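A.B. asks: Predicted model and sequence below, questions to follow.
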Amino acid sequence: MSDVADAPEAARPITSRRDPRYEVVMYRHVGVEGAWKLDYYRSHGGYEAATKALTQMSPSQVIDEVKASKLRGRGGAGFPTGVKWSFMPPVDGRQRFLVVNADESEPGSFKDRYIVEDDPHQLIEGMIIGCYAIQATRAMIYIRGEYVKGYQRLVEAVREARAAGILGKNVLGTDVEVDITVHRGAGAYICGEETALMNSLEGLRGNPRLKPPFPAQAGVYGLPTTINNVTTMTSVVHIITRGAHWFSSMGTEDSKGTKLYQISGPVQRPGVYELPMGASFRELIYDLAGGPKGGDAKGFFPGGSSTPPLPWTDEYLDMPMDYGSLAKAGSMLGTGGVIVIPKEKDIVDAMYNVVRFYAHESCGKCTPCREGIATWLPKMYQKLLAGLGTREDLDLMEEMVRNSRGTAFCPLADACAMPVQASFKWFRDEYEYIVDHGKPMYTRNDWWDA
Amino acid sequence: MVELDTIPPFFADKQEQLREILGRYPEVGKRSAVMPLLWEVQNAERHVSEARIAEIAEILGIHPTEVKGVMSFYSEYHGEPVGTYHLQVCSTLSCSLAGSDQLYDYLVEKLGIVNGETDAEGRFSIQKVECLGSCGTGPVLQVNDVYYERVGRARCDQLIDALRNGRMPEAWRERGGDNEGAEKADFLTGTASGAVEGQGEG
């Protein structure tokens, strides 16, 4: 960091307010009045990365740089981005698409929202680089219907960029063509699954499609398509500006760069924090977010409600927040959206809330999910919460979620079944209590502040 | 289909807007316009009637049932008119842990309607919704298109009072985390005051 003083403005480190060791990269403009305007973005180093990629690098060099950075997709699955890009077939005259998944709907996740609202040009710049790398001239952003502010900001930013020659037939004065369509969803979690997203984009119901074929072979309208998350795209901007080595020098063995971690639930300072991959849960929860209100918690979802919750022990709190560590612990990094479960929230009640979410969002296409996740599982929870459950019901519930693992058409059923299984593993005493006593172990239901 | 004869087509006097929407998608993907067209109608009429569904189907060259099939898949399109102020209460875990269950109960008591209902005057309707992506700043209440975040009891009272007086306050946007503080609106006067404090300007 010795060359900081000579660095262009875009590369000037801005650090976390809570911990000066942590540089804020992708969130530097979030919360700044007017940062969503093109003038602001350009006067802070904006579109220099795109200019560099388009004028000094070939598409394959961009892909190689992203591969070398070891960036993994930030949407949840963590697939290496450069590798995904290289799956695109050779250019054959057919239209190719880049689709950005801004359908952020995973409970506990809210990192993309502030980028599209406060810094839409950063996303557009990442998309220009991505389009150039995979040689696509058309890009689409699928943004969830509820993010109206984000939709308006993106539409305005695309309009500004077109007027300034940043999008269109000659991007930034080169002969590269890129145009972006912003497509607004209308309230469906499943549309964050990439094949359901493509169906929705095509004007169909948002049911998932069978894979293979993968999107690179047959994506939107059956044409070659790459689908990336919002913050995968914004990571690419900084990888191009500062080099793959800068990015891969941060993080752990299998997880590089910075990531936008989110924390919600009753903690002192919930919100989004940008940290190098591999920072521990304790740093996020205690050092940055100030720890649980009331001082005590019993567990946490490590990366959104689809990731199996973990108990509140030193072993898990001190674990690095990276892909490998969480996989080893039987959970997942997911979107990096930590939800803290306070001690006084009964786990049966908390899990019913989660199950109800997946039941509501199940598309109904396949039987294990429609009958198991969407119909029977919430009914079983209702029975427990009504004080009518039996020990046999607990066994039945466990069997049900076990049988829905890997048997459904898309990952939604697993996304519900895995956290339920983990809740049985770590908090079975609370399930048994409600069965034996006819009432929950913890009865607090007043969580509303004045 | 009687409706068709009695009300003028929605897009009759909006040809330029219609061309713009259809032009967003490649020729092969004309049908992609179904969602934006549904949004155009709903934004203007607060629901999408059978007549409008038929009109959209005709524009896209598909059957009205296909349009209806798409529409019914998503929770934000309404087949019946919702209230002037459509209150959407997030009920998923993080908001629930910030009190959204009580916020919902409070609204039910205050407005005399429950999930899925519209009041007799057509002023308020209420819908329990799933995660709105405001988990760090819950509980969140979305009124029409606008997010009101960290809605405590006092703020809830202020908001409903304002709406009863026919006034929609500015969005109360919060960020939390490392980016707390920024944009605030005065809840009572509805004037937005953008804060300059932020990450970018040290």
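C.D. replies: Done, it's in. Numbers count the residues shown, from 1 in each chain, chains lettered A, B, ... in the order given.
A.B. asks: Just the strands from chain A, written as ranges.
C.D. replies: Assigned by DSSP state E, chain A shows strands spanning A:14-15, A:23-24, A:97-102, A:138-143, A:179-184, A:225-229, A:251-252, A:255-256, A:258-264, A:271-276, A:297-301, A:310-311, A:337-342.
A.B. asks: Least reliable of those by average pLDDT, please.
C.D. replies: In terms of average pLDDT, strand A:14-15 trails the rest of the strands of chain A, at a mean of 76.
A.B. asks: And chain B, is that strand touching that?
C.D. replies: Yes. Using Cβ under 8 Å from any Cβ of the partner chain, strand A:14-15 reaches chain B at A:Ile14. (Glycine included, C-beta is placed from N, CA and C.)
A.B. asks: Is A:Met277 in contact with A:Gly251, as I believe?
C.D. replies: Yes. A:Met277 is within contact range of A:Gly251, at 3.6 Å (criterion: Cβ atoms under 8 Å).
A.B. asks: what sits in contact with each of those two?
C.D. replies: Both A:Met277 and A:Gly251 are contacted by A:Gly257, A:Asp322, under the criterion Cβ atoms under 8 Å, 6 or more residues apart in numbering or on different chains.
A.B. asks: what's the neighbour count on the residue of chain B found nearest chain A?
C.D. replies: Per Cβ to the nearest Cβ, B:Gly177 is where chain B lies closest to chain A, at 2.1 Å. Number of residues near B:Gly177 (other Cβ atoms under 10 Å in any protein chain shown) recorded here: 30.
A.B. asks: which non-adjacent residue is nearest it?
C.D. replies: A:Gly271 (2.1 Å; Cβ to Cβ, 6 or more residues apart in numbering or on different chains).
A.B. asks: mind listing what that neighbour touches?
C.D. replies: Applying Cβ under 8 Å, 6+ apart to A:Gly271 gives the contacts A:Gln262, A:Ile263, A:Ala289, B:Gly136, B:Thr137, B:Arg175, B:Gly176, B:Gly177, B:Asp178, B:Asn179, B:Glu180.
A.B. asks: Can you tell me which of those residues has the most neighbours?
C.D. replies: Result: B:Gly136 is most packed of the contacts of A:Gly271 (other Cβ under 10 Å), 33 neighbours.
A.B. asks: Can you give me the distance of A:Thr252 to chain B?
C.D. replies: Counting by Cβ to the nearest Cβ, to the nearest Å, the separation of A:Thr252 from chain B is 22 Å.
A.B. asks: Now tabulate the contacts of A:Gly271 in a markdown table and tack on secondary structure and distance to A:Leu71.
C.D. replies: What follows is the contacts of A:Gly271, written out as a markdown table (DSSP: H, G, I helix; E, B strand; the rest coil; distance: Cβ to Cβ, whole Å):
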| residue | secondary structure | distance to A:Leu71 |
| --- | --- | --- |
| A:Gln262 | strand | 19 |
| A:Ile263 | strand | 23 |
| A:Ala289 | coil | 25 |
| B:Gly136 | helix | 25 |
| B:Thr137 | helix | 28 |
| B:Arg175 | coil | 25 |
| B:Gly176 | coil | 26 |
| B:Gly177 | helix | 22 |
| B:Asp178 | helix | 22 |
| B:Asn179 | helix | 23 |
| B:Glu180 | coil | 28 |
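A.B. asks: Let me know the closest of the residues you listed to A:Asp103.
C.D. replies: A:Gln262 (16.0 Å; Cβ to Cβ).
A.B. asks: Return the residues in contact with the residue in the stretch 351-450 of chain A that chain B sits nearest to.
C.D. replies: Chain B sits closest to A:Trp448 of the stretch 351-450 of chain A, with a gap of 2.7 Å, by Cβ to the nearest Cβ. A:Trp448 is in contact with B:Ala98, B:Gly99, B:Ser100, B:Gln102, B:Leu103, B:Tyr106, B:Pro139, B:Gly152, B:Arg153, counting by Cβ under 8 Å, 6+ apart.
A.B. asks: Name the nearest residue to the fifth one, ignoring sequence neighbours.
C.D. replies: Right, B:Leu103. In space, B:Leu103 is closest to B:Pro139, 4.9 Å off (Cβ to Cβ, 6+ apart).
A.B. asks: so where does that neighbour fall, helix or strand?
C.D. replies: Counting by DSSP states H and E, no helix or strand carries B:Pro139.
A.B. asks: shouldn't it be in contact with B:Cys90?
C.D. replies: Yes. B:Pro139 lies in contact with B:Cys90 (Cβ under 8 Å); the separation is 6.5 Å.
A.B. asks: intersection of neighbour lists for those two?
C.D. replies: B:Ser100.
A.B. asks: so the residue of chain B closest to chain A sits right up against A:Val272, yeah?
C.D. replies: Yes. Here B:Gly177 reaches A:Val272: they are 4.4 Å apart, a contact under Cβ under 8 Å.
A.B. asks: Overlap of the contact sets of these two?
C.D. replies: A:Gln262, B:Gly136.
A.B. asks: Which single residue of chain A approaches chain B most closely?
C.D. replies: For chain A, Cβ to the nearest Cβ, closest residue to chain B: A:Gly271, 2.1 Å.
A.B. asks: List the beta-bridge partners for that residue.
C.D. replies: A:Ile263 (DSSP bridges).
A.B. asks: got it, and A:Ala139?
C.D. replies: Beta-bridge pairing for A:Ala139 (DSSP bridges): A:Leu98, A:Ile180.
A.B. asks: domain ranges for the chain?
C.D. replies: As the question left the chain open, I've gone with chain A. Domain assignment for chain A, taken from automatic domain parsing, gives A:4-248, A:251-342, A:347-437.
A.B. asks: wait, I meant chain B there
C.D. replies: Chain B breaks down into these domains under automatic domain parsing: B:11-73, B:85-192.
A.B. asks: looking at these, which is buried most?
C.D. replies: Among the domains of chain B, ranked by average contacts under mean count of other Cβ atoms under 10 Å in any protein chain shown, first place goes to domain B:85-192 (a mean of 20).
A.B. asks: centre of the chain versus that one, how much separation?
C.D. replies: 12 Å (Cα atoms, centre = their mean, to the nearest Å).
A.B. asks: cool, stretch A:407-418 as well?
C.D. replies: 17 Å.
A.B. asks: Show me which residues of it are buried.
C.D. replies: A:Ala408, A:Phe409, A:Cys410, A:Pro411, A:Leu412, A:Ala413, A:Asp414, A:Ala415, A:Cys416, A:Ala417, A:Met418 (16 or more other Cβ atoms under 10 Å in any protein chain shown).
A.B. asks: Stretch A:105-116 vs chain B: in contact?
C.D. replies: Yes. Using Cβ under 8 Å from any Cβ, we find that stretch A:105-116 touches chain B at A:Ser105, A:Glu106, A:Pro107, A:Gly108, A:Ser109, A:Phe110, A:Asp112, A:Arg113, A:Tyr114.
A.B. asks: pLDDT averaged over that stretch - what is it?
C.D. replies: 97.
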